[in-house]
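Enquirer: only geometry, no sequence info:
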């Protein structure tokens, strides 16, 4: 890959620490946020998000095939404490209990994912009827409780059979995914109206194929680039397939993890590193979708993968964009980094979650407006936002998690300010309903608003669950 030129760097604004501080002042609750409306819009969508592999368990039940995460988890040392998703939260058997929890909270929507290997154990070919039946039961139970299903087709659990054929490094996967999307849409399209193609393709590409550490644990810049392009292409073909089947009321979208890339002060070259990482992390999926081109900085890198017509297939109209936001990313130069950058220090005084992620709600405001200005203000739903804190039951069994409540409150206040300032933000899905299998970190991370006893699988709502319930009922930050 050719070095990044200073000319290319000059084409895109980066976020300096001073710029981030200015955003913080503009969006800080207690200043301009006081002028924001007391309530969210009347049609604002409130929900929870989960993913199949993180909660379902039952990995060998009813004809389900192996996923890449099943295989990855069997390799000693890959997942903390030797944890696996074999049982997870046992949602496969306890889904009715979990839907009841969402109904009691008053949520009107639930973003969940379908496990590809549960529907197609070999990734293609014969359909597993029992897998479809499970999601039939789930969708029907949601609707009976007044909760709209938001169905995500892919949240990282690729069939292992497809990985053995190259997985996301094989261009043929674009057609495999479109075929899978068609099967799912034909089965549930009479009840599901909100369709999501992919969840966080940038994370799949970076940590599964570039840096390693996630299934299938591949490394190298070529793998990252191929995984990004083939996911983009698969998404385009799936959107075309779904649009060809579309029924009245269907809405098609996708989900990205987008985070402002910040240059730490007093680090030489950090501004350029932040710009590069913005292209790698944020824009390698968003630019092709909304603009029909890869970022200038990366164009020559993607060129060998792009065939005639690819970008036109990728640039499909979407009815909404799902945004997963957790924190900004501080970047500094590193010649050994995958793209010549690496994570840099956060400003002194920054708070962190137990996961080690900086807590900067104001950066969410910046990200919403970056999307607004760059991509013509598409309808946005925050499809993941939450925090890991190591909460434990008190003497009476109640789980107090004030740090999580503060995290959610501060981010929702920023959402309210962003709406007042013109961001086309339509809804918010908390991540997540249950303490779950947190990928390579196993079960030591607690993002849920409901705890899960690992021995009994008992669900124990935390203080944050009750707080979020009141927010939904009030349609306002409390």
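Expert: Ah, there it is. Keep in mind that what you see is a predicted model, and the values were worked out from it rather than measured.
Enquirer: give the buried residues for stretch 440-458.
Expert: 440, 442, 443, 445, 446, 447, 448, 449, 450, 451, 452, 457 (16 or more other Cβ atoms under 10 Å). In this view, the C-beta of every residue, glycine as well, is placed from N, C-alpha and C.
Enquirer: check for me that the fourth one belongs to a strand.
Expert: Spelled out, that is residue 445. No - counting by DSSP: H, G, I helix; E, B strand; the rest coil, residue 445 is located in no strand; its state is coil.
Enquirer: for residue 105, see how far away it is.
Expert: 21 Å (Cβ to Cβ, to the nearest Å).
Enquirer: do the same with the second one
Expert: Taking Cβ to Cβ as the measure, residue 442 falls 26 Å from residue 105.
Enquirer: cool, and residue 333?
Expert: Per Cβ to Cβ, residue 333 is found 45 Å from residue 105.
Enquirer: which residues touch residue 79?
Expert: 72, 73, 439, 440, 441, 442 (Cβ atoms under 8 Å, 6 or more residues apart in numbering).
Enquirer: out of residue 333 and residue 105, which sits in the busier spot?
Expert: residue 105 (24 against 18; other Cβ atoms under 10 Å).
Enquirer: isn't that one up against residue 470?
Expert: No - using Cβ atoms under 8 Å, residue 105 is not in contact with residue 470; the gap is 9.5 Å.
Enquirer: the stretch 1-150 of the chain: helices as residue ranges?
Expert: Taking DSSP state H, counting those that start in this stretch as the criterion, the stretch 1-150 of the chain contains helices spanning 6-9, 17-27, 52-55, 68-73, 91-105, 116-119, 129-144.
Enquirer: most tightly surrounded among the ones you listed?
Expert: Burial of the helices of the stretch 1-150 of the chain is given as mean neighbour count (mean count of other Cβ atoms under 10 Å); helix 116-119 ranks first at a mean of 27.
Enquirer: what packs against that helix?
Expert: helix 129-144, helix 173-188 (3 or more Cβ pairs under 8 Å, 6 or more residues apart in numbering; DSSP states H and E).
Enquirer: Serialize these to a markdown table and add fields for mean pLDDT and distance to residue 415.
Expert: Shown next, in a markdown table, are those (pLDDT from 0 to 100; distance: least, Cβ to Cβ, whole Å):
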| stretch | mean pLDDT | distance to residue 415 |
| --- | --- | --- |
| helix 129-144 | 98 | 24 |
| helix 173-188 | 98 | 29 |
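Enquirer: can you lay out these as JSON lines showing distance to residue 337?
Expert: JSON lines is the format used below for the helices and strands packed on helix 116-119 (distance: least, Cβ to Cβ, whole Å):
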{"stretch": "helix 129-144", "distance to residue 337": "40"}
{"stretch": "helix 173-188", "distance to residue 337": "27"}
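Enquirer: between these, which one is nearest to residue 392?
Expert: The closest of the helices and strands packed on helix 116-119 to residue 392 is helix 129-144. By Cβ to Cβ, the value is 30.2 Å.
Enquirer: list the helices and strands that closest one packs on?
Expert: Packed next to helix 129-144, using 3+ Cβ pairs under 8 Å, 6+ apart, are helix 91-105, helix 116-119, strand 148-154, helix 173-188.
Enquirer: return the residues in contact with residue 208.
Expert: Residue 208 makes contacts with 68, 156, 168, 214, 215, 216, 217, 218, 227, as judged by Cβ under 8 Å, 6+ apart.
Enquirer: residue 319 now?
Expert: Contacts for residue 319 (Cβ under 8 Å, 6+ apart) come out as 251, 252, 253, 379.
Enquirer: thought residue 195 was touching residue 188?
Expert: No - with contact defined as Cβ under 8 Å, residue 195 does not reach residue 188; the gap is 9.2 Å.
Enquirer: who's more crowded, these two?
Expert: Just comparing residue 195 and residue 188: by other Cβ under 10 Å the higher neighbour count belongs to residue 195, 29 against 19.
Enquirer: how about the contacts made by residue 135?
Expert: Residue 135 neighbours (Cβ under 8 Å, 6+ apart): 114, 187, 188.
Enquirer: for the last one, give me its contacts.
Expert: What that stands for is residue 188. 135, 136, 139, 149, 151.
Enquirer: how about those, which pair is most distant?
Expert: Those two in the contacts of residue 188 that are separated most widely, counting by Cβ to Cβ, are 136 and 151, at 12.0 Å.
Enquirer: quick one: low-confidence ranges for this structure?
Expert: Scanning the chain for pLDDT under 70 picks out the ranges 1-38.
Enquirer: next one: stretch 213-222 to chain centre, how far?
Expert: Centre-to-centre, stretch 213-222 and its host chain are 19 Å apart (Cα atoms, centre = their mean, to the nearest Å).
Enquirer: give me the distance between the two termini of that stretch.
Expert: When the termini of stretch 213-222 are compared using Cα to Cα, to the nearest Å, they are 16 Å apart.
Enquirer: kindly report the same for stretch 140-158.
Expert: 25 Å.
Enquirer: sorry, back to before: okay if I get the buried residues of stretch 440-458 as a markdown table plus distance to residue 354?
Expert: Converted to a markdown table, these look like this (distance: Cβ to Cβ, whole Å):
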| residue | distance to residue 354 |
| --- | --- |
| 440 | 15 |
| 442 | 14 |
| 443 | 13 |
| 445 | 7 |
| 446 | 8 |
| 447 | 10 |
| 448 | 13 |
| 449 | 15 |
| 450 | 17 |
| 451 | 14 |
| 452 | 17 |
| 457 | 23 |
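Enquirer: what's the closest non-adjacent residue to residue 439?
Expert: residue 214 (6.2 Å; Cβ to Cβ, 6 or more residues apart in numbering).
Enquirer: now swap in residue 217 and tell me
Expert: Sequence neighbours aside, residue 72 is the residue nearest to residue 217 in space, at 6.2 Å (criterion: Cβ to Cβ, 6+ apart).
Enquirer: contacting residues for the one you found?
Expert: Taking Cβ under 8 Å, 6+ apart, we find residue 72 in contact with 78, 79, 214, 215, 216, 217.
Enquirer: nearest to residue 267, of those residues?
Expert: Once Cβ to Cβ is applied, the member of the contacts of residue 72 that ends up nearest residue 267 is residue 214, at 27.8 Å.
Enquirer: and the helices in the stretch 301-450 of the chain, which stretches?
Expert: Using DSSP H, counting those that start in this stretch, helices in the stretch 301-450 of the chain cover 310-314, 361-374, 402-420.
Enquirer: between these, which gets nearest to residue 120?
Expert: helix 310-314 (22.3 Å).
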